[in-house]
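Student: Turn this into a model:
(2 chains)
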Number of protein chains: 2
Amino acid sequence: MLGAIDHTGIAVASLDESIPFYRDVLKLPLVHRETLTEQGVEAVLFDVGDSHIELFAPLGPETSTARFLDKHGPGLHHLAYRVDDIEATLATLAAAGVWLIDTKPRVGIRGSRVAFLHPSATGGVLTELVEGRPSG
Amino acid sequence: MLGAIDHTGIAVASLDESIPFYRDVLKLPLVHRETLTEQGVEAVLFDVGDSHIELFAPLGPETSTARFLDKHGPGLHHLAYRVDDIEATLATLAAAGVWLIDTKPRVGIRGSRVAFLHPSATGGVLTELVEGRPSG
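Tutor: Sure thing, here's the model as predicted:
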């Protein structure tokens, strides 16, 4: 059902302050940068193996990411799995009684189709499904 | 320098209560279970693609994992990257001024060689290096 870790999402206060560690010290290729207005973040992707590290920063103080940073500080935020068929996966999880934040996919970074499971359903981990491997 | 995401580490209060979601709902193969006395945890690994999900629970109330759970509750705890040569990677990171928790590798799960970078060096993410791909 789950093909791989698509990415690990890391909340940061500032992309420009956080990018250098990943790009220049860990030497991960920065492959994408995008403003996701609906999610209230600007995000970047670094390639690592067949997966990605996603850093994202809030677009403003009223966003959920800003509230996360206020409460927890910067750090690990969510874990995303790659799936072949996101509707089928959501249907299977719903049938198993898993609490879904998104019952239907929405558009994620690089035009991917994504949906989140509620952390209460997963033992405290905000879990995302990502359909396909975004190109680009 | 970093080959892939080796695993994402998730702190849980109880392995036996947390395993069923990953094994039976997400259908991830549970491939390993080990008590790591030095780290104060019991841990399990699930395969997902070329990476793993690591769930670990504290062996007792005086462990760092128990303190993490008291402070944060269960959830994402650390992010581990696979490296080919852990000593060389540590030397490169030390030369770049990265604050290392472990300046020399120690034994991790399944006999792997591991070292942790301090979260202060990485923008709040407890980061682990894992040499090679543990067999088994």
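Student: what does chain A put close to chain B?
Tutor: A:1-5, A:8, A:10, A:12, A:17-18, A:21, A:25-28, A:48-51, A:72-79, A:81-82, A:93, A:96, A:98, A:119, A:121-125 (Cβ under 8 Å from any Cβ of the partner chain). All C-beta atoms are positioned from the backbone trio N, CA, C, and that covers glycine.
Student: are any of these buried, and which?
Tutor: When these are checked for burial by 16 or more other Cβ atoms under 10 Å in any protein chain shown, the buried set is A:1-2, A:4-5, A:8, A:10, A:12, A:18, A:21, A:25-26, A:28, A:48-51, A:74-79, A:81-82, A:93, A:98, A:119, A:121-125.
Student: B:Ala4 is in contact with A:Val48, correct?
Tutor: Yes. If you go by Cβ atoms under 8 Å, A:Val48 and B:Ala4 touch, sitting 6.1 Å apart.
Student: circling back: in helices, which of the buried ones among the residues of chain A next to chain B appear?
Tutor: With DSSP state H as the criterion, helices contain A:18, A:93 from among those.
Student: and the closest residue to A:Gly75 other than its chain neighbours, how far is that from A:Asp102?
Tutor: Spatial nearest neighbour of A:Gly75, chain neighbours left out: B:Gly124 (3.6 Å); criterion: Cβ to Cβ, 6 or more residues apart in numbering or on different chains. Noted for B:Gly124: a distance of 26 Å to A:Asp102, by Cβ to Cβ, to the nearest Å.
Student: And A:Phe116, by the same measure?
Tutor: Distance from A:Phe116 to A:Asp102, by Cβ to Cβ: 5 Å.
Student: is it true that A:Glu128 touches A:Arg82?
Tutor: No. Here A:Glu128 lies out of contact with A:Arg82, judged by Cβ under 8 Å, at a distance of 10.0 Å.
Student: For those two, list the residues in contact with both.
Tutor: Counting by Cβ atoms under 8 Å, 6 or more residues apart in numbering or on different chains, the common neighbours of A:Glu128 and A:Arg82 are A:Asp6.
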